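# Need a 3D model of the following:
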Amino acid sequence: MKRSKRYDQSSSKIEKGKEYLLDEAITLIKEMPKTKFDESVEVAMRLGVDPRHADQMVRGTVALPNGTGKTVRVLVLTKGTKEKEAQDAGADHVGLDDYLEKLQQGWLDCDVIIATPDVMSSVGKLGKVLGPKGMMPNPKSGTVTFEVGQAIKEVKAGKIDFRVDRNGNLHAAVGKTSFEISKIKENVKAFIETVLRLKPTSAKGIYLRSVTVSTTMGPGIKLNRAALIEELK
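Now for the predicted structure:
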């Protein structure tokens, strides 16, 4: 696959075979050629788990201390008095039947969907539509709750949810390249620390096998795993 000139310039700054300290990697990201938009800073991890076993599924949420830098569009599926609570808390879209129909037809002008438990019997019918997109509301990620106001505020403030894929890989955007180095670092550490705390008791061998940081359009920078774990202690 042909790479862009900017990608090649960024790659040339990475020393082949080197595993970087977290500070070094973030500094390198800040020094790379910029795009026309504010790229996300992304973290990718390979975990020593087998998600085919339910007791080795790694999934959770983390409130990034400095937010994601992204404007999060929230749809709340609810009815009755909770509609006003959602509107007052800053939800971008609120309702039920009309939105269920729109979602079924392929509309998805939102980033997060929150639903109250009393409507999940209807929302659940969209599993085949929302599931593959990772948009299905779920109690474990805090997106199925009667506390819609609190849930909206947390999501808009920088709360993200994550889930390991079938190959044991985990990925999340944890900030923007325009953030200060210290703020990117705080977000990266908060994310990785949360994943480490969620290590399944049934997982054997090395849990955190590799960690890479990158920008949306840039090459990955591999972190020194041992030094990272030591820094997180």
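# Spatially central residue for this structure, please.
When C-alpha atoms, centre = their mean is applied to the chain, the residue found nearest the centroid is residue 172 (3.7 Å).
# Give me the nearest residue to it, chain neighbours excluded.
Leaving aside its chain neighbours, residue 172 sits nearest to residue 162 (4.9 Å; criterion: C-beta to C-beta, 6 or more residues apart in numbering). C-beta here means a position set from N, CA and C on the backbone, and glycine is covered the same way.
# Relative to residue 165, how far out is the residue nearest to the centre of the chain?
Distance of residue 172 to residue 165, computed by C-beta to C-beta, to the nearest Å: 12 Å.
# shaky segments in this protein?
The model of the chain has pLDDT under 70 over residues 1-2.
# Show me the contact partners of the biggest helix by length in it.
With secondary structure taken from DSSP state H, the chain has its longest helix at helix 181-197. Identification of contacts with helix 181-197 by C-beta atoms under 8 Å, 6 or more residues apart in numbering yields 22-23, 26-27, 29-30, 41, 43, 45, 47, 58, 60-66, 160, 162, 170, 172, 174-175, 179, 207-208, 211, 213, 228-229, 231-232.
# Kindly write the PyMOL command that selects the buried subset of these.
Those of those that count as buried under 16 or more other C-beta atoms under 10 Å are selected in PyMOL with:
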select buried, resi 22+26+29+30+41+43+45+47+58+60+61+62+64+66+160+162+170+172+174+175+179+207+208+211+213+228
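# Doesn't the residue nearest to residue 172 lie inside a strand?
Yes - counting by DSSP: H, G, I helix; E, B strand; the rest coil, residue 162 falls inside a strand.
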